[in-house]
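**Q** starting from these lines, generate the structure:
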Amino acid sequence: MHKYSRWKIDNDYFKTEDYKLNNNIASIISEKGYEEISKKFTHIKPHEIEDVLNLFPKVYQSLQGFGIDIGGGVASVSSVVAKSNLVKNIICLEITENCVTKCHPIVINKILGRDSLKVSSVIGDFDNLELEDKSLNFAIAWDALHHSNNVVKTLNEINRVLIPGGYFVLIDRAHNNNTPDSEIDRMLNVQYSKEFLKDNYLPEDKILTRSDNGEHEYRYNEWEKFFKSSNFTIEESFIVIESSKENKIHNDVGIKEVFVDYELGGFERQKVIYLLKK
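**A** Sure thing, here's the model as predicted:
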């Protein structure tokens, strides 16, 4: 039986649409096996996660010792990170119960096999890390932090548990600084299609917007303000873009862009990667 720990969670979160959606999806896809879990939940294959991390040697090298995957979903990212000989153990922290109890055993075992114990599963909230100060070497968050209702609070908590000089790899999305508020509002108010609802095992007549689903949209300068407020410094930054993406818009902050020939998953079909140092 797969072992996991449970940390403190604000009970209000269990009432949110994104929790109910993710918990339901995790329960259904866990019955369909590893391939369906990877396809439906992570939207990027493990070897592609590994490829993204290896695009930037300094990012890959920062992931060593003891770490935590913040909002780790079904543990695909945690398991890929744990494949490295540099990593001793990584905590996969995920708030969605069915992700941890039903999907983690399948994904971790499939990717790591005999090294499965290198990933420690935890059901918990990334604003309440039940860890001692300065106890970890690194943290990583892949498409998770934009779900935080208070990014600076979450970042402060991550900063607290990192050793001085520890690294945080943030892989998420960001918009150009010249993006108007009206466009941010438009994206948040996009109503999910019947096809999306059906694919995610929801009633086709359900009214659900991206904002309802816990999404937030931030510009590059907003991320930078969050980092500064939580005492992180940016060591490196990159943008990874699907080469097949139409209407490519170059970033307006001068970050290096790298193109890949596979799907990255997510709303914008591109990711910004920040290597942050405490």
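
**Q** ok, how many other residues are close to Val100?
**A** By other Cβ atoms under 10 Å, the residues close to Val100 number 26. (Each C-beta comes from the backbone N, C-alpha and C, glycine too.)

**Q** that one and Asn189, how far apart?
**A** According to Cβ to Cβ, to the nearest Å, Val100 stands 31 Å off from Asn189.

**Q** same check, this time on Ser76
**A** Using Cβ to Cβ, we find Ser76 at a distance of 30 Å from Asn189.

**Q** compare those two (neighbour count), which wins?
**A** Applying other Cβ under 10 Å to Ser76 and Asn189 shows that Ser76 carries more neighbours, namely 29 against 11.

**Q** what residues are up against the more buried one?
**A** 38, 41-42, 44, 46, 49, 107, 111 (Cβ atoms under 8 Å, 6 or more residues apart in numbering).

**Q** ok, 6 Å please
**A** Residues near Ser76 by Cβ atoms under 6 Å, 6 or more residues apart in numbering: 42, 46, 107.

**Q** any idea which of the residues you listed has the most stuff around it?
**A** Counting by other Cβ under 10 Å, Val107 has the largest number of neighbours within those, with 28 neighbours.

**Q** and that residue, what pLDDT?
**A** At Val107 the predicted local distance difference test score is 97.

**Q** that one: what's it in contact with?
**A** Contacts of Val107 by Cβ under 6 Å, 6+ apart are 74-76.

**Q** please redo it, this time with the cut-off set to 7 Å
**A** 34, 37, 74-76, 79 (Cβ atoms under 7 Å, 6 or more residues apart in numbering).

**Q** in a helix, it, correct?
**A** Yes. Assessed by DSSP: H, G, I helix; E, B strand; the rest coil, Val107 belongs to a helix.

**Q** and it, how far is that from Asn251?
**A** 32 Å.

**Q** next: Leu275.
**A** 16 Å.

**Q** Three-state assignment for Glu257, please.
**A** Per three-state DSSP, the secondary structure class of Glu257 is strand.

**Q** I figured it was touching Glu242, is that so?
**A** No. Taking contacts as Cβ atoms under 7 Å, Glu257 lies outside contact range of Glu242: 11.4 Å.

**Q** compare the two (neighbour count), which wins?
**A** Glu242 (18 against 13).

**Q** what bridges to Cys92?
**A** Asp69, Ser121 (DSSP bridges).

**Q** sorry, slip of the keys, the one I care about is Ile140.
**A** Beta-bridge pairing for Ile140 (DSSP bridges): Asp69, Val169.

**Q** what is the neighbour count of it?
**A** For Ile140, using other Cβ under 10 Å, the count is 25.

**Q** tell me how far it lies from Val52.
**A** Distance, Ile140 to Val52, using Cβ to Cβ: 11 Å.

**Q** and Thr16, by the same measure?
**A** 28 Å.

**Q** who has more neighbours, the two?
**A** Val52 (23 against 16).

**Q** shouldn't that one be within a strand?
**A** No. Looking at Val52 with three-state DSSP, it is helix, so not inside a strand.

**Q** I'd guessed it sits against Val240; true?
**A** Yes. Using Cβ under 7 Å, Val52 is in contact with Val240, at 6.0 Å.

**Q** quick one: secondary structure of the residue of the chain positioned farthest from its centre?
**A** Here the chain reaches farthest from its C-alpha mean at Asp205, the gap being 28.7 Å by Cα atoms, centre = their mean. Per three-state DSSP, the local secondary structure of Asp205 is coil.

**Q** please report phi then psi for it.
**A** Main-chain torsions, Asp205, degrees, to the nearest 10: phi -100, psi 10.

**Q** distance of it from Gln191?
**A** Remark: distance between Asp205 and Gln191 (Cβ to Cβ) = 12 Å.

**Q** quick one: which of the contacts of Val107 sit in helices?
**A** 34, 37, 76, 79 (DSSP state H).

**Q** for burial, what's the neighbour tally of the second one?
**A** A count of nearby residues for Ile37, using other Cβ under 10 Å, gives 26.

**Q** doesn't Cys103 make contact with it?
**A** Yes. The pair Ile37 / Cys103 is scored as a contact, 5.4 Å apart, by Cβ under 7 Å.

**Q** intersection of neighbour lists for the two?
**A** Common contacts of Ile37 and Cys103 (Cβ under 7 Å, 6+ apart): 30, 74.

**Q** thanks again, I'm all set now.
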